[in-house]
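Student: sequence unknown, structure follows:
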């Protein structure tokens, strides 16, 4: 090998480039910082069996499809299945060709953001919002503003006030991002009445809504609410969802539904072809047979895990003024300590002590929420959820925030 | 469902957005327009068996890894295997942590382009270049200029002349993209001596080289040449490759190796997490056992297919002045008719007549090459390759270009 002096790129980097953030891969003993469904319910053999059954029955089709670059929209069969699922679960009418499969919902969100966002555009989100979307919005230089929420999610009156205030400041919001069902990070579900009010407001101000419905399959209490997209098919709603939470994030399979024109714009930002056809066969085959059974397997697990975290909270945080949201689904509960209790500053020490969480500012467009944290109840066992809450209370006391 | 008036995005699209190009999914009877390896050699059962073996032996690890979002760099085990493969096949020394797995090489190329390319930057490519890269370069608003090639690929002296000419015009080229091994679309392989000359030129002008080595495993004649990256570890070479051609495009698994600093910049353009962990298990397990055997299976198939296309050409294009490149690997041969024979304009008619090809301008930064076409010999059977060439000659005569 020729040994040459190190080549430097210092003058060559693009203006848009920056160092990627360092990724923490460490996990605490009680890992409430993760964003993962229950690993014990992951149907690996179900996926493999489905894949094998597909090759057994349609080997020639599979060989041809695998040898082709995937369709830009992704596997036709999985889009067909997704169309049926959207009708059955969400009362959404959309043809398979109106669905775009993506490498996780992250790609879907990125494509749509790029299609309708110029640098400096104001984008509204919940006051505390999924960190992955926040990161992407910032990456594409949106001016992200949170709109007030309560335990039911976005407050419509406050949303309109926020729009009016920003518009008066010359910062008219362009569109709204929301997770209305089992929200990340707070666990809230937005009632139908509020969804209708929010739709009216968004029409009034010509603001599209990006509805991120990634947690729709993860419900163990209460009633699922109609999706924005089911309540309004005018095109104002961009609907995003995923198979990451239903089956496994490692499959990287999400999707979106948007107006045909917007979809064409969004697709122009794709890097290369559609997502993994190999995973698509496995997902399609597995869910065609076993969707309902799979949901019936993991939702009771999530319910038990949530309950044990709630019990741990009730037993060990009583009288401290702390609150923990009570989700009816999803993966997360939202912990709030009294104002002034900074659990963000002590995150590393608490992690060393054995409990991992993501602090409020990770989710806040304005960087507030120092007294808040997202706790994932879906990953650890019920026992560890209970014990972890006990330890968390002990560590908070030790570090003087409680 | 509320029926509302159609919502319009006309005033909302971002300035960077445009309609995605329409995708042709039609296939001619003799499909030489594709870019796919031999479907009959796709090891679907091998992949499934490897996946099952992994779950059998390491089920708990798999469940945890699938439940986590994939590492931004992709599966550690597949990076480990890729590191060993690069050493064995390419004499490239790189740690697993120096490898970034991506959703096909397309994502790798897009990330690297974005890290070092501002709108208006001049990027050099072969005179006829892989259309996917050309599309991406244009998408990121590079000023793409082709540098002259012959049957061995880039001509070093012409490369330096091109750099000098452009620099004198105030358009100093920033970096060079090349497929040195079994090039797409021409099928050429760049000799080692030229690679060394090109490296010297690129150092002289501080121009990084993006080496796209996607066809390295597809060689049935001649000698593999040392990669740019093996000849130079200064960091000037960005190395891109893929498992799409070795196993299947449908797996969406590519990778790149670049200097650590450049890698950090490139990663900042990722949408979401690393690629499909599910496919990674299958690829790793399958290739660990069977890489050599798999290559020994499909390369003779490709050799026979190439030979039958060459024979079809020799028998049916003799005396016409047309030439067909004679590749030693890869998927493509490059057809050139005499100057003035416009086979681009009649592409649709020839397609209707039964033969599909991609015309020269698809690959030319300057849009020339009307008398040229890329023919994929890898997809159809040897018999269809021969018959398709016979029909192609007949159709060219019918349409008056030959």
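Tutor: Right, received. Where do you want to start? These figures come from a predicted structure and were not determined experimentally.

Student: low pLDDT regions in chain A?
Tutor: A:1-4, A:22-25, A:272 (pLDDT under 70).

Student: tell me the domain ranges of it?
Tutor: Domains of chain A are assigned by automatic domain parsing as A:30-42+A:293-398, A:45-289.

Student: hmm, the first one in reach of chain B?
Tutor: Yep, that's domain A:30-42+A:293-398 we're talking about. Yes: counting by CB under 8 Å from any CB of the partner chain, chain B has neighbours in domain A:30-42+A:293-398: A:34, A:35, A:36, A:37, A:38, A:39, A:40, A:42, A:379. Glycine gets a C-beta too; all of them are placed from N, C-alpha and C.

Student: Wait, a helix at residue A:210?
Tutor: No: assessed with DSSP: H, G, I helix; E, B strand; the rest coil, residue A:210 is strand; it does not lie in a helix.

Student: distance of it from chain B?
Tutor: According to CB to the nearest CB, to the nearest Å, residue A:210 stands 12 Å off from chain B.

Student: Next: residue A:198.
Tutor: Noted for residue A:198: a distance of 13 Å to chain B, by CB to the nearest CB.

Student: tell me the contacts of that residue?
Tutor: A:154, A:156, A:159, A:176, A:178, A:190, A:209, A:228 (CB atoms under 8 Å, 6 or more residues apart in numbering or on different chains).

Student: Tell me which of those residues fall in helices.
Tutor: Members of the contacts of residue A:198 lying in helices (criterion: DSSP state H): A:156, A:159, A:228.

Student: Just give the nearest non-adjacent residue to the second one, would you?
Tutor: Think residue A:159. residue A:147 (4.9 Å; CB to CB, 6 or more residues apart in numbering or on different chains).

Student: quick one, phi psi at that neighbour?
Tutor: phi -110, psi 140 (degrees, to the nearest 10).

Student: can I assume it is in contact with residue A:129?
Tutor: No: assessed by CB atoms under 8 Å, residue A:147 is found out of contact with residue A:129, at 9.7 Å.

Student: Those two: which is more packed in?
Tutor: Taking neighbours as other CB atoms under 10 Å in any protein chain shown, residue A:147 and residue A:129 compare with residue A:129 leading, 27 against 24.

Student: thought that one was touching residue A:362?
Tutor: No: contact criterion CB under 8 Å: residue A:129 and residue A:362 do not qualify, at 9.8 Å.

Student: Do a quick rundown of the strands in the stretch 51-200 of chain A.
Tutor: A:99-102, A:122-126, A:143-147, A:149-150, A:153-154, A:173-178 (DSSP state E, counting those that start in this stretch).

Student: Identify, out of those, the most deeply packed stretch.
Tutor: strand A:99-102 (a mean of 27; mean count of other CB atoms under 10 Å in any protein chain shown).

Student: Now the stretch 301-402 of chain A against chain B: closest residue?
Tutor: residue A:379 (7.2 Å; CB to the nearest CB).

Student: Which members of the residues of domain A:30-42+A:293-398 next to chain B are classed as buried?
Tutor: When those are checked for burial by 16 or more other CB atoms under 10 Å in any protein chain shown, the buried set is A:34, A:35, A:36, A:37, A:38, A:39, A:42, A:379.

Student: got JSON lines for the residues you listed, with secondary structure too?
Tutor: Listed next are those as JSON lines, based on three-state DSSP:
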{"residue": "A:34", "secondary structure": "coil"}
{"residue": "A:35", "secondary structure": "coil"}
{"residue": "A:36", "secondary structure": "coil"}
{"residue": "A:37", "secondary structure": "coil"}
{"residue": "A:38", "secondary structure": "coil"}
{"residue": "A:39", "secondary structure": "helix"}
{"residue": "A:42", "secondary structure": "coil"}
{"residue": "A:379", "secondary structure": "coil"}
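
Student: Mind picking the two most distant members of those?
Tutor: With CB to CB as the measure, no two of these lie farther apart than A:35 and A:42, at 14.9 Å.

Student: Helices of the stretch 1-150 of chain A, start to end?
Tutor: A:44-67, A:76-90, A:104-116, A:131-139 (DSSP state H, counting those that start in this stretch).

Student: again, but for the stretch 301-402 of chain A
Tutor: A:347-353, A:382-398.

Student: For the shortest one, buried residues please.
Tutor: Within helix A:347-353, the residues that count as buried by 16+ other CB under 10 Å are A:347, A:350, A:351, A:353.

Student: Also the longest one?
Tutor: Neighbour-count burial for helix A:382-398, with 16+ other CB under 10 Å as criterion, is recorded at A:382, A:384-393, A:395-396.

Student: what helices or strands is it leaning on?
Tutor: If contacts are counted by 3 or more CB pairs under 8 Å, 6 or more residues apart in numbering or on different chains; DSSP states H and E, helix A:382-398 sits against strand A:30-31, helix A:277-317, helix A:347-353, strand A:355-356.

Student: make it 7 Å
Tutor: For helix A:382-398, the packing partners by 3 or more CB pairs under 7 Å, 6 or more residues apart in numbering or on different chains; DSSP states H and E come out as strand A:30-31, helix A:277-317, strand A:355-356.

Student: How about residues contacting it?
Tutor: Residues from elsewhere that reach helix A:382-398 (CB atoms under 7 Å, 6 or more residues apart in numbering or on different chains): A:30, A:32, A:304-305, A:308-309, A:311-313, A:316-317, A:343, A:350, A:353-355, A:377, A:380, A:402.

Student: Now restrict these to buried residues only.
Tutor: Those of those that meet the buried threshold are A:30, A:32, A:304-305, A:308-309, A:312-313, A:316-317, A:343, A:350, A:353-355, A:377, A:380, A:402, by 16+ other CB under 10 Å.

Student: And the residue of the stretch 1-150 of chain A that's closest to chain B?
Tutor: residue A:106 (2.5 Å).

Student: so how many other residues sit close to that residue?
Tutor: 24.

Student: Hmm, it is touching residue A:132, no?
Tutor: Yes: at 5.9 Å, residue A:106 counts as touching residue A:132 under the criterion of CB atoms under 7 Å.

Student: Around chain B, which positions in the stretch 151-300 of chain A sit nearby?
Tutor: Within the stretch 151-300 of chain A, the residues that sit near chain B (CB under 7 Å from any CB of the partner chain) are A:174, A:203, A:208, A:230-236, A:248-252, A:259, A:261-262, A:264-265, A:267-268, A:271-273, A:275-279, A:282.

Student: out of the residues you listed, which are inside helices?
Tutor: Going by DSSP H, the helices hold A:203, A:230, A:231, A:261, A:262, A:264, A:265, A:267, A:277, A:278, A:279, A:282 from those.

Student: No further queries at this time; thank you.
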